[in-house]
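**Q** A structural model of the following input is requested.
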Amino acid sequence: MLVALTLRFLRALSPARQRVLARALAVFAWALHIRRAVALDNVRRAFPELPAAEHQRIARASYDSMALAALESVTSDQLDDAALAAAVEVPDWKGLDGLLAAKQPVLADGATLHVSAS
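**A** Numbers count the residues shown, from 1 in each chain. Purely as a prediction, here's the structure:
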């Protein structure tokens, strides 16, 4: 029952209010150090050339992204076709074959949908 009420509440929020709530949840999780050390370690390993302040910024931004993705995962089915078309960016994948053939590293992010109100 609590889960159903929570989902109804989240689905009733406008996209703008969802972003505000996601930001608040991210700030809360960061302040509580929920997996912060892991996030910072991952960013340091991925970008060893960057200064510590930039590691912090990237790790912190990942909390915002994950919180927003979590909220959107329970509301994205509410998008109409026009909103979905406006929200989805399809990059040019033509260069991917060349990178893979040359055994170059590739970083792909394809599991997140962030909806922005226009």
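**Q** and K103, what's its pLDDT?
**A** According to the per-residue confidence, K103 scores 80 in pLDDT.
**Q** can you pull the contacts of the nearest residue to T75 once chain neighbours are set aside?
**A** In this structure, T75 finds its nearest non-sequential neighbour in R11, 5.4 Å apart by Cβ to Cβ, 6 or more residues apart in numbering. The way it works is simple: take the backbone N, C-alpha and C, and place the C-beta from them, glycine included. Contacts for R11 (Cβ atoms under 8 Å, 6 or more residues apart in numbering) come out as 74-75, 78.
**Q** show me where the chain has its helices.
**A** If DSSP state H is used as the criterion, the helices of the chain fall at 2-12, 15-31, 36-46, 52-73, 81-87, 94-101.
**Q** any idea of the angle the first one forms with helix 52-73?
**A** In terms of direction (axes from the mean of the first three to the mean of the last three Cα atoms, to 10 degrees), helix 2-12 departs from helix 52-73 by 100 degrees.
**Q** can you check the third one too?
**A** Between the axes of helix 36-46 and helix 52-73, defined by the same axes, to 10 degrees, the angle is 110 degrees.
**Q** for helix 36-46, packing partners?
**A** Helix 36-46 sits against helix 52-73, with contacts defined as 3 or more Cβ pairs under 8 Å, 6 or more residues apart in numbering; DSSP states H and E.
**Q** can you tell me which of the contacts of R11 has the most neighbours?
**A** Neighbour counts for the contacts of R11 peak at T75, which has 16 neighbours (criterion: other Cβ atoms under 10 Å).
**Q** coming back round to it: distance check, the residue nearest to T75 against Q18.
**A** Between R11 and Q18 the computed distance is 9 Å (Cβ to Cβ, to the nearest Å).
**Q** quick check: neighbours shared by those two?
**A** Looking at what touches both R11 and Q18 (by Cβ under 8 Å, 6+ apart), the common residues are T75.
**Q** for the most centrally placed residue in the chain, give its distance to R17.
**A** Nearest to the mean C-alpha position of the chain, by Cα atoms, centre = their mean, lies S65 at 2.8 Å. Taking Cβ to Cβ as the criterion, S65 is separated from R17 by 18 Å.
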